[in-house]
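> let me see the structure of the following:
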Amino acid sequence: MKLKHLADITMGHSFRSRLEQVEGGNMAVIQMKDLTEDNRLNVAAMARVDLGEVKTRQYVESNDIVFRSRGQTNTAVLITGDVGDAVIAAPLLRIRPKEAVLPAYLAWFINLPASQAWLVTQAKGTAVRMISKQALAGLDVVVPSLERQRAIVQLAELANEEQRLLKQLAGKRKRYMERILMQAASGSQ
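The predicted model follows:
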């Protein structure tokens, strides 16, 4: 099923000038720099600005998905918590899943290597790759039952946690070996 039938896709808010951060501003803004390599939102890094009237349909909600439409990385980030009054900045796209699909499943599916490969074929531009809203909307999404989607999401989360722990273990093992080798080099036992 095409993504456009499973979710509403909207462009991020277009700012006419450079964002001027205002401490205590009335609106948080999600920008590309706020999305981490491991596809999470760094809420603490979000800029606060004073925006005039913003239509409530532009607000970001929990379970929305933010898609990086420009650059070398075109992955999706699931908003899992309450971010307060916030909008996303263009060129990011907001994907708001409908009831037929779990938001976490949809974000996982968009980030799959096969989905990413298809999106690359739809990209425009050579210096800066861009995935248009229309191209993203045309992504074919496999939609199993909600029960199976939940199972897939749980397994994917466990696999991600395993990778995080293995990376952490590898770092600790490296530091441990460096200490042993340094002790050997200095002649201590």
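
> just say helix, strand or coil for the residue nearest in space to the middle of the chain.
By C-alpha atoms, centre = their mean, the mean C-alpha position of the chain lies nearest to V77, the distance being 1.9 Å. Look at V77: counting by DSSP: H, G, I helix; E, B strand; the rest coil, its state is strand.

> what's across from it in the sheet?
V77 has these beta-bridge partners by DSSP bridges: V66.

> isn't it right next to L35, touching?
Yes: using C-beta atoms under 8 Å, V77 makes contact with L35 at a distance of 5.0 Å. For the C-beta atoms, the positions are set from N, CA and C on the backbone; glycine is no exception.

> can you list residues touching both of these two?
Common contacts of V77 and L35 (C-beta atoms under 8 Å, 6 or more residues apart in numbering): L41, V66, R68.

> what is the helix of greatest length in the chain packed up against?
With secondary structure taken from DSSP state H, the chain has its longest helix at helix 146-186. Packing partners of helix 146-186 (3 or more C-beta pairs under 8 Å, 6 or more residues apart in numbering; DSSP states H and E): helix 103-111.

> show me the contacts for the residue nearest to V22 when sequence neighbours are not counted.
Leaving aside its sequence neighbours, V22 sits nearest to D50 (C-beta to C-beta, 6 or more residues apart in numbering; 4.9 Å). Going by C-beta under 8 Å, 6+ apart, D50 touches V22, G25, N26, M27.

> most neighbours among those residues, which one?
Counting neighbours by other C-beta atoms under 10 Å, M27 comes out on top of the contacts of D50 with 20 neighbours.

> quick check: R150 vs L102, distance?
The spacing between R150 and L102, counted by C-beta to C-beta, to the nearest Å, is 7 Å.

> so those two - more neighbours on which side?
A direct count of neighbours by other C-beta under 10 Å for R150 and L102 places L102 higher, at 19 against 14.

> quick check, that one in contact with E147.
No: here L102 does not reach E147: they are 10.2 Å apart, not a contact under C-beta under 8 Å.

> can you list the weak-confidence ranges in the protein?
Applying pLDDT under 70 to the chain flags residues 17, 188-189.

> can you do 50?
The model of the chain has no residue with pLDDT under 50.

> right, I'll call it a day here.
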